[in-house]
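*Asks:* mind looking at a prediction? Sequence and model below.
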Amino acid sequence: MRLVLLFICTLLAKTGWSHAGGHNCFVRHLSEIISLNLERRDYYSLQSDGKSKGVSDALIWSERLTWASAKWFDWRAKYWQKNGIPLFCSEFISMDLTPGLSVSLTPREAPKASLNIIELIKTLRSSMQNRVVDLLGPVRLALREIEAEPNFHCMQRHLIESIGRTAMLAPVYEQMAKDRELKSPQALIRQFLKLQIWGLRLGKWLDSKALPLQIEGLGIICHDVPVIPLNIGIDPPLVLTRSTIDAVERASKEGQ
């Protein structure tokens with residue numbers, strides 16, 4: 001059964017890689033996010049009597065701020081991508097996995113948890129000095145701190161999950177590059193992780209702006225980002241869409 005699962009994952013890796021076009025995945029992902037937030041801005045504004053517009057505009061601004069970096073990372077990744085390694089493609093989750101919009105507002109209790117982002121950033125930077133995979137310990141601890149409050153901390157959670165997935169994929173890419181006698185992608189992956197870790201401050205700020213609206217029941221941010229799995233589509237690395245995740249989960253159940 002494990003061989004069946006491996007065969008299905010390999011097939012999905014090929015089809016997923018082809019579906020992604022094999023390049024410009026970071027920019028394509030940003031484009032999808034910006035389009036989604038532009039589409040939802042008016043909806044949230046109607047639900048909140050205009051109070052959410054500042055948050056929506058801040059989200060769109062932050063995503064556009066990342067555009068130049070995304071272009072650069074896509075450009076640098078082409079060396080590995082053209083050799084069959086989906087660097088900076090399997091890290092991103094298709095926006096078709098984004099939760100749907102909530103029709104009604106149900107007020108919520110204010111969150112009790114709060115991440116110390118300054119300390120987390122220090123811990124993450126220290127953890128990755130030796131091995132990128134050492135990030136996974138503090139990532140899992142941080143996610144555990146906020147797991148009981150799924151309607152809050154959502155941009156921070158999204159970025160932390162993204163850091164975790166990048167760390168999971170790093171040794172897989174390293175081995176793929178070694179097998180193909182290519183130069184290591186580790187230096188570029190570390191730069192990408194530094195960008196994500198830097199983004200945690202911005203994520204904290206965005207969550208703080210959205211908090212009063214989320215307490216009122218608005219789904220802003222929390223309903224606008226998909227969950228990033230740390231253990232699906234890692235080896236082989238997949239470009240995750242709803243269909244690939246469903247297929248991997250089915251194959252895993254059948255293989256048990």
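*Replies:* That came in fine, so what should we check first?
*Asks:* which residues in the stretch 1-150 of the chain form helices?
*Replies:* Remark: helices assigned in the stretch 1-150 of the chain by DSSP state H, counting those that start in this stretch are 2-19, 25-47, 53-65, 67-81, 117-127, 136-146.
*Asks:* quick one: which of these is nearest Val239?
*Replies:* Closest to Val239 of those is helix 2-19 (Cβ to Cβ; 3.8 Å). All C-beta atoms are positioned from the backbone trio N, CA, C, and that covers glycine.
*Asks:* and the closest one, what's its mean pLDDT?
*Replies:* The pLDDT scores in helix 2-19 average 44.
*Asks:* what does stretch 248-256 give?
*Replies:* Here the average pLDDT along stretch 248-256 is 72.
*Asks:* go on, stretch 28-41?
*Replies:* 96.
*Asks:* go through it and flag the buried ones.
*Replies:* Within stretch 28-41, the residues that count as buried by 16 or more other Cβ atoms under 10 Å are Arg28, His29, Leu30, Ile33, Ile34, Leu36, Asn37, Arg40, Arg41.
*Asks:* any buried residues in stretch 63-71, and which?
*Replies:* Neighbour-count burial for stretch 63-71 flags Glu63, Thr66, Ser69, Ala70 (criterion: 16+ other Cβ under 10 Å).
*Asks:* low-confidence bits of the chain, can you list those?
*Replies:* Along the chain, segments meeting pLDDT under 70 span 1-22, 252, 255-256.
*Asks:* and the residue nearest to the spatial centre of it, what element?
*Replies:* Of all residues in the chain, the one closest to the mean position by Cα atoms, centre = their mean is Ser162, 3.8 Å from it. Ser162 is part of helix 154-179, with elements assigned from DSSP states H and E.
*Asks:* the lengthiest helix in the chain versus helix 25-47: what angle between them?
*Replies:* Longest helix of the chain, by residue count under DSSP state H: helix 186-215. Taking axes from the mean of the first three to the mean of the last three Cα atoms, to 10 degrees, one finds helix 186-215 and helix 25-47 inclined to each other by 10 degrees.
*Asks:* just to revisit the earlier point, can you say which of the helices of the stretch 1-150 of the chain is nearest to Ser94?
*Replies:* Nearest of these (Cβ to Cβ): helix 25-47, 7.8 Å.
*Asks:* may I have the phi/psi pair for Gly50?
*Replies:* When read as degrees, to the nearest 10, the backbone of Gly50 gives phi 90, psi -10.
*Asks:* tell me how many other residues crowd it.
*Replies:* Using other Cβ atoms under 10 Å, Gly50 has 10 neighbouring residues.
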